[in-house]
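Visitor: any chance you can model this:
(chains A and B)
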Amino acid sequence: MKNLNRILLLICFTFLFSRCTDHVDYEAIEGYQITAEVYFQAESDYEAALVGTYDPLQWLYLNVLIGDIASDNSLCGGESATDVIGLQQIDDYTHYPNNDNLTSIWRWLYEGVNRANYMEENKSNIDFDSKEALYAEVYFLRAYYYFQLVKFFGDVPLFTERRLTAGDSGTLVRVPKEEVYAQIEIDLQNAIDNLPTSQSQIGRVNKFTAYSLLGKVLLYQDKFNEAAAAFDNVIGVYSLVNDYGSQFLRLGENGPESIFEVQYTNTSNWYDWGCPQCSEGNFGIIHTGPRGWSGPEYAQGWSFNVPTEAFYNSFSVGDARQDATVLDIEAFASTTGATYTEGYEHTGYYNNKYIPRAGESGAQTELNYLTNYRAIRYSDVLLMAAEAYNRGGIDDGIAQEYLNQVRRRAFGDQDHDISLTGTALTDAIWEERKFELSMEGHRFFDLVRTGQAASIIDGFQQGKHEVFPIPQQEIDISGLTQNPGY
Amino acid sequence: MKTIILRNLSTFLLMFAFAFNMQSQSISGIVTDDNDVPLSGVNIIVQGQNQGDVSDFDGNFNISNFESGSTLIFSYLGYKTLNLKISSEDVLDFENISVSMERDLDELDEVVVIGYGSQKLSDISGAVSTVNSTAIETSSPVRVEDALQGQASGINIISSGSPGSKPTVLIRGITSYAGNDPLVIIDGVSAVIDDLNSLNPNDIKSVNILKDAALASIYGVKGGSGVIVITTKSGKRNTKTSFSFNTSIGTQEVIKTIDVLNATEYVAILNEASVAAGEGIIFPDLSSYGVGTNWQDEVIVEAPIVNHSITASGGSDNTSYYVSAAYLGQDGVVAGGDKSFFNRTNFTTNIDTDLTSKTKLIVNTNYTNIKGKSLPENGITSVLSNALNFDPTVNPYDNGQFGISQTITQEIINPLAQIDNTHNKGKTDKISGKIELQHDFMDNLKVTSRLGYTYVDIYNKYFVPFQYYGSGHNQTNANPDLTPIVTIDGEGNITSTHNRVGENYTNYFNYTYELYGNYDFTINENHNFQTVLGFSIGENKGSNISAANEDVPFNSWDYADVSAATGNATQQTSGSWQYVTRNLSYFGRILYDYNEKYYASFTGRMDGSTSFGKNNKFGFFPSASFGWVISKEDFFDSVPLDYLKFRASYGSLGNDNISPQFSLISTFPSYVFNGSIVNGSSLGSIPNDDVSWENQVQVNIGLDTRIFNNKVSISLDYFNKTVDDLLFSPNLSLYLGTPSFPTTNIGKTESKGIDAAISLNTSIGALAITSNLNFTTADNTVVSINNGDKYIWGAGYGIPYTPIVRFEEGYSPGYFYGYATDGIFQSQEEINNHAIQNGAAPGDIRFVDVNSDGVVNDEDRTKIGDPFPDFTVGWNLNLAYNSFDLSVFTYASVGNDIYRAYERNLNYTNRFASTLNRWTGPGTSFDEPRVTFVDSNNNRRASDRYIEDGSYLRIKNIQLGYNLPEEIVDLLGFDDVRAYFQVKNALTLTNYSGYDPEISAGGVLNSGIDYGTYPQPRIWSLGLNIKF
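Guide: Alright, predicted model coming up:
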């Protein structure tokens, strides 16, 4: 048994004096994980990161819902007065800095910004042919995220050089929104300079998408001449579809009128209720579905964002947009024999543009609706261009022409053409935006932008509600200032 | 194994010497230990007679009226109980018997395994609690932790009634928001609490709980939450094979159901709620509903529990062995054994053998197989939640189909249908054990080389069939006839719903290799040293692979397998994960005593781990302790105490509940181009290279004393633990976006408390009494959190999800956070005079404007409860009288609050009986709000309305045993036969309205929330212990 002693001693020495500290080293590759240190080495890494920068666009369903819930178009609805309390409060104008939904919007938009900035940080690692065009998309997306931030919150922290890390927490301050707008314009100009006029893949932005967004951003700043010039590049490139309602159906997606469309699909089985917006489907859609629906064409949902009766009745007779925009659920149910239950603030109407349609979702029904979000449509550009030409005092004739293109499509005739000028024309254009673009998430921001919000929206306080409160959590952690009145 | 071996009782007789006297009717003598030192306080009972004595200071005893041929039973704590049959043929002098008792090394009260060595309990200057095999066997637990509850001071165990589920185990309070599980050491091999589900409690010889830094710091960074040291049984050298067969059969019942509205009450309340919301009467004719269905009665059943084990142990000159086989089967009281059970089979083999006179080989091997099925628990979708909330007007079955609610369209479903539609199974195979060599290099230098390992395979399968809960119900995925719902959209595209099956395999493997030497020596006779020095190296790995597919043939569990499912490539999903951690440690300890009067210990461990940040690879955890047996001082002679010892310790420990950190690229992001998913990337996490262990400093001061001739012993400890460098995922600025943020060391907690234990060991005539009472308290405070918010959220509940638990600076960890209520608004005038509370109407709840800013909003939320008890008390009483023995164990938890979170609160879900006392007009109620379909005041918001005092006193265990008379036992060919009757959870005294005031959902930040907790059943059982 002397051998045993030797073996013990051998073990002793082997462990004590070799590979000891190595034993507690750990590298990410042991877990098959990719680290930042080995990334951005190939063109494909850049392409993947670009896809990652597009990704947060899919999370912005709340931005769309709030655009109408906060306006005169619709009520919050839902299951009860406390169902998604943050949206209920926004509808009722009782919202304050503690609002989970606004916190999500803030954080998700900044994730988009950070993803773009992370690409900026790694821009010079390697060179490849399409790099400038690829970064043009990145700049467009960063501009889009910042534009949403400015629309919702006004002055916000602005950073562009690199992705923030833990050490940057609490170090930034809000900058005046004019500076943010200036950066947005720079990014969009960069995008315009390097984007192609068409992309090989549907869903990627092109030069005209960037012009359209630039025009919109300029219009929000009342820079009418520059806005009109930006829109001029887009006029005639796209066209209005004949059947207004068809563009909101699945077959109408990415059609000739679509300038910028956030893409979703129902083909993924992946979902996680802990991160519902992270699925590849449109989580906004289930929110606006008819409650307890059992019948044809539509699928049941959560009865949020229900249009008011007054809004439904405000359409002129013969306007094709009335029933394309608003679903009269009572009438539809009685013709088809369908049944449904009434949710909170039941109005009898549903958003017919964005609504769960039978068979359009995937594995986890609530989270996988394929419905794209039409973020910028050509009719929007026509009306914005009309407004720029009119309010900038450039040419009311052109303004009328653009406005009437939209109206002729809606009414199917020229009898409803408008020949007003000056501020009367301005009012007509604004009114037209309501009928053309309602329930698409624009109304609240249009009313604020045009100074009409206080007179039209119940509960809206001038000087306070133009922007939403900075999330309380961010104020507490980062020491940011709050918006006035909150 | 079935051979019955009659054992030679004469070995017992070797331990005493005696004289002989035929004439006397009384018997007297002296009791000593094996060193001839007199023992005082020994219980001496004449078997079968109502008389006995207790030995005095000098070990003397005297029993009158002794009949020749009777048996004397000598019992004393820490010594083997001795049965002496004394007859005049054998004994010459009845007046001068000398009895020597043998120390019982099995009794933990004497020798305590403390990690890399053992020590006499009386020599320990740290804080330790011990639980012996008798206490464990008496409680016949499913998991060994259940047997520890209330048996030892300083340890707090909160269990759930769910078969086989892991309890919350806290040793000396809560020091961290995560990772409060103690380290478990089984026969020297490190394990975790989760491993205890595979251990057969009957195989356990002893459990020691190392509570303070002096003892736990030999385990360094893993010792911060205390250490549970488990020693399993082994055979004895030179004994014939002895067998032990234990069996028990019991039935489990739920003691209490919760009062909900019956069908008539339900429809009446709904009518009222509808009218209050300005809508019409829904149910015009109340008379047709009757009491309807009480869904709890439908799902709760009586369920069996069985426990069998057989062991064989013994040994030859150079080998001893212990072999056991055990089976435990527990069915769930919710829905019964078809869908809910926990079955465990164990095979244990512990063998040690002398390879040479100086070298010993020990091989312990434990194989465990666990099979189980489970139903959803602890949440809105649990069976009990459905039973409480489902529509009482619905019949369980209608025309052979499960009854369906026309009005509830979300989450809540017929629980019977849910049970029927839940299909899963799990199987665990586990092998663990050790191979250990002990070699005596010199007389007092022993080197131990030990390889411990655990290998676990876990397989799970689930099947989500087509199910129908009513048209438009969000849990429905099929037509009423269980065919898929096929939809055709405007363009003629067809889509369909599917059933789904998933399987996954998980594998864990860990090993620890340790090499250490124990060197004991004495200098100048009185200076005794016990030293140990060694190192430990280990690795811990886990991996998982899973697959799922749709379209299971015949919508049947019988065909539910990924291999049988016919879904196409896009319907199939798969996944995998893996991890590995490694550690390397060096440790050493010096135990010193001077003449067993003054004690000191110095312990240190250096730990390195893959988990720590690059800049902090190794941590050092030292400790020291001092002890003084005051009663050995000369001046103490006049003090009326039999024994007094003072102990003090100070040291540091750690907690390594972190994972390695990197800047990881996440390939999770994706987007859609050309209608197809394209995969992208983003930066998923940010690292912190400086992250290290949580550093804990603990002070312990203790006293041990014995009084009344050693009949009563008292142990008292005060502790204070502070944890610096608490590990957090901090709340960073939201403008950093959504990557996972690095864990950093940024917080501090403090826990202090008192552990106390009193035990009594005496007899009154033939009645032997042992009793112990222990008391545990811990006062926990979060001293600081250096993140922006000064708090992190813990668990929440409900839809929409509302977090209610906080870990916040200045508060106790895991407290409940919400609105404080102040009665009911009786009138509009009262509302007008109150702080602005949007949407309030008469009959709604008054919420307190805590910050007095004139508005009731989120800012007014405050501390509304604490789920952890102020103190817990465990009381054991064991009585033995002739052939009977009785043990009663009572446990009390005082001051713990419970948040009632099982109410779904949809307009059409059922409500609780308290609703009958609702507000219906001024003065009608001051605590229960009006009912209305439009809850504009948000009465259901998280508030103290849902908080109840969860204090309880529970008789956890009553066991009455009877030892069969020797003649019958002999006739049967056995050595010992004991039959017993047992009731567990016999009685619970509490004001709590839910099923069970003992609520464990796992984790410090998810405690005390009653999601419809799985109640601990009352268990009636009959058992048999046979030795042969």
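Visitor: tell me the pLDDT of the residue lying closest to B:Asp338 once chain neighbours are set aside.
Guide: Leaving aside its chain neighbours, B:Asp338 sits nearest to B:Lys373 (7.9 Å; criterion: Cβ to Cβ, 6 or more residues apart in numbering or on different chains). To be clear about C-beta, it is placed using only N, CA and C from the backbone, and glycine gets the same treatment. If you check B:Lys373, the pLDDT there is 94.
Visitor: just to check, B:Lys373 is in contact with B:Asn424?
Guide: Yes. Using Cβ atoms under 8 Å, B:Lys373 is in contact with B:Asn424, at 6.0 Å.
Visitor: related to what we said a few turns ago, for chain A, see how far away the residue nearest to B:Asp338 is.
Guide: B:Lys373 sits at a distance of 24 Å from chain A (criterion: Cβ to the nearest Cβ, to the nearest Å).
Visitor: burial measure for that residue, as a count.
Guide: Neighbours of B:Lys373 under the rule other Cβ atoms under 10 Å in any protein chain shown: 20.
Visitor: do you know how far it is from B:Gly337?
Guide: B:Lys373 sits 8 Å away from B:Gly337, going by Cβ to Cβ, to the nearest Å.
Visitor: again, but for B:Ala547
Guide: 28 Å.
Visitor: now do the strands in chain A.
Guide: Remark: strands assigned in chain A by DSSP state E are A:74-77, A:258-262, A:304-307, A:326-328, A:349-351, A:373-377.
Visitor: closest one to chain B among the ones you listed?
Guide: Evaluated over those, closeness to chain B peaks at strand A:258-262, with 8.9 Å, by Cβ to the nearest Cβ.
Visitor: that closest one versus strand A:373-377: what angle between them?
Guide: Here strand A:258-262 points in a direction 150 degrees away from that of strand A:373-377 (axes from the mean of the first three to the mean of the last three Cα atoms, to 10 degrees).
Visitor: partner strands of strand A:258-262, with direction?
Guide: Applying DSSP bridges, strand A:258-262 is found paired with strand A:373-377 (antiparallel).
Visitor: so what touches the strand it pairs with?
Guide: Residues outside strand A:373-377 that contact it (Cβ atoms under 8 Å, 6 or more residues apart in numbering or on different chains): A:60-61, A:64, A:209, A:212-213, A:216, A:247-248, A:257-262, A:264, A:282, A:284, A:354, A:437, A:440-441.
Visitor: what parts of the stretch 351-486 of chain A come near chain B?
Guide: Contact residues (Cβ under 8 Å from any Cβ of the partner chain) of the stretch 351-486 of chain A with chain B: A:357-361, A:363, A:366, A:471, A:473-474, A:476-478.
Visitor: now, which of those residues lie within helices?
Guide: Among those, the members found in helices (DSSP state H) are A:473-474, A:476-478.
Visitor: what subset of the residues you listed is buried?
Guide: Neighbour-count burial (16 or more other Cβ atoms under 10 Å in any protein chain shown) is assigned, among those, to A:473-474, A:477-478.
Visitor: farthest pair within the residues you listed?
Guide: By the measure Cβ to Cβ, A:Gln473 and A:Ser478 form the most distant pair in those, at 8.9 Å.
Visitor: okay, now the residue in the stretch 51-200 of chain A positioned nearest to chain B: neighbour count?
Guide: Residue nearest to chain B within the stretch 51-200 of chain A: A:Val51 (2.8 Å; Cβ to the nearest Cβ). Neighbour count for A:Val51, taken as other Cβ under 10 Å: 22.
Visitor: distance-wise, check the closest residue to A:Ile184 other than its chain neighbours relative to B:Ser784.
Guide: Excluding the flanking residues, the one nearest A:Ile184 by Cβ to Cβ, 6+ apart is A:Ala143, at 4.5 Å. A:Ala143 sits at a distance of 42 Å from B:Ser784 (criterion: Cβ to Cβ).
Visitor: those two: who's more crowded?
Guide: Neighbour count, other Cβ under 10 Å: between A:Ala143 and B:Ser784, A:Ala143 has more, with 27 against 16.
Visitor: check contacts around that one.
Guide: Applying Cβ under 8 Å, 6+ apart, we find A:Ala143 in contact with A:183-184, A:187-188, A:191, A:213, A:217.
Visitor: now the residues you listed as a markdown table including pLDDT and neighbour count?
Guide: Converted to a markdown table, the contacts of A:Ala143 look like this (pLDDT from 0 to 100; neighbours: other Cβ atoms under 10 Å in any protein chain shown):
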| residue | pLDDT | neighbour count |
| --- | --- | --- |
| A:Gln183 | 98 | 18 |
| A:Ile184 | 98 | 27 |
| A:Asp187 | 98 | 27 |
| A:Leu188 | 98 | 29 |
| A:Ala191 | 97 | 28 |
| A:Leu213 | 98 | 26 |
| A:Val217 | 98 | 24 |
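Visitor: for those, give me TSV that also has distance to B:Asn710.
Guide: Shown next, in TSV, are the contacts of A:Ala143 (distance: Cβ to Cβ, whole Å):
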residue	distance to B:Asn710
A:Gln183	83
A:Ile184	85
A:Asp187	85
A:Leu188	89
A:Ala191	89
A:Leu213	88
A:Val217	89
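Visitor: spatially, which two of the residues you listed are the most separated?
Guide: Maximum pairwise distance in these, criterion Cβ to Cβ, is 13.6 Å, between A:Gln183 and A:Leu213.
Visitor: quick one: low-confidence ranges for chain A?
Guide: A:1-21 (pLDDT under 70).
Visitor: what residues sit buried inside stretch B:324-343?
Guide: Of all the residues in stretch B:324-343, those buried under the rule 16+ other Cβ under 10 Å are B:324-337, B:339-343.
Visitor: now stretch B:428-436
Guide: Buried positions in stretch B:428-436, judged by neighbour count with 16+ other Cβ under 10 Å: B:428, B:430-434, B:436.
Visitor: that one and chain A in contact?
Guide: No. Stretch B:428-436 stays clear of chain A (Cβ under 8 Å from any Cβ), getting no nearer than 11.9 Å.
Visitor: what lies in contact with that stretch?
Guide: Contacts to stretch B:428-436, defined as Cβ under 8 Å, 6+ apart, come from residues B:186-189, B:191, B:195, B:198, B:361-371, B:448-459.
Visitor: now restrict those residues to buried residues only.
Guide: Those of the contacts of stretch B:428-436 that meet the buried threshold are B:186-189, B:191, B:195, B:198, B:361-362, B:364-368, B:370, B:448-454, B:456, B:458, by 16+ other Cβ under 10 Å.
Visitor: inside strands: which ones of the residues you listed?
Guide: The subset of those located in strands under the criterion DSSP E comprises B:186, B:189, B:191, B:361-362, B:364-368, B:370, B:448-454, B:456, B:458.
Visitor: ok, and which of the residues you listed reach chain A?
Guide: Contacts with chain A within those, counted by Cβ under 8 Å from any Cβ: B:Ser449.
Visitor: A:Ile259 contacts A:Val234, doesn't it?
Guide: Yes. Contact between A:Ile259 and A:Val234 holds when scored by Cβ under 8 Å: they sit 7.0 Å apart.
Visitor: give me the residue ranges of the stretch 901-1028 of chain B where confidence is low.
Guide: The model of the stretch 901-1028 of chain B has pLDDT under 70 over residues B:1001-1002.
Visitor: run the last query once more with 80
Guide: Residues of the stretch 901-1028 of chain B meeting the criterion pLDDT under 80: B:1000-1004.
Visitor: that one against chain A: which residues are in contact?
Guide: Proximity of the stretch 901-1028 of chain B to chain A, by Cβ under 8 Å from any Cβ, involves residues B:906-907, B:934-936, B:938, B:940-941.
Visitor: B:Ser883: neighbour count?
Guide: Neighbour count of B:Ser883, defined by other Cβ under 10 Å: 14.
Visitor: nothing else from me, thank you.
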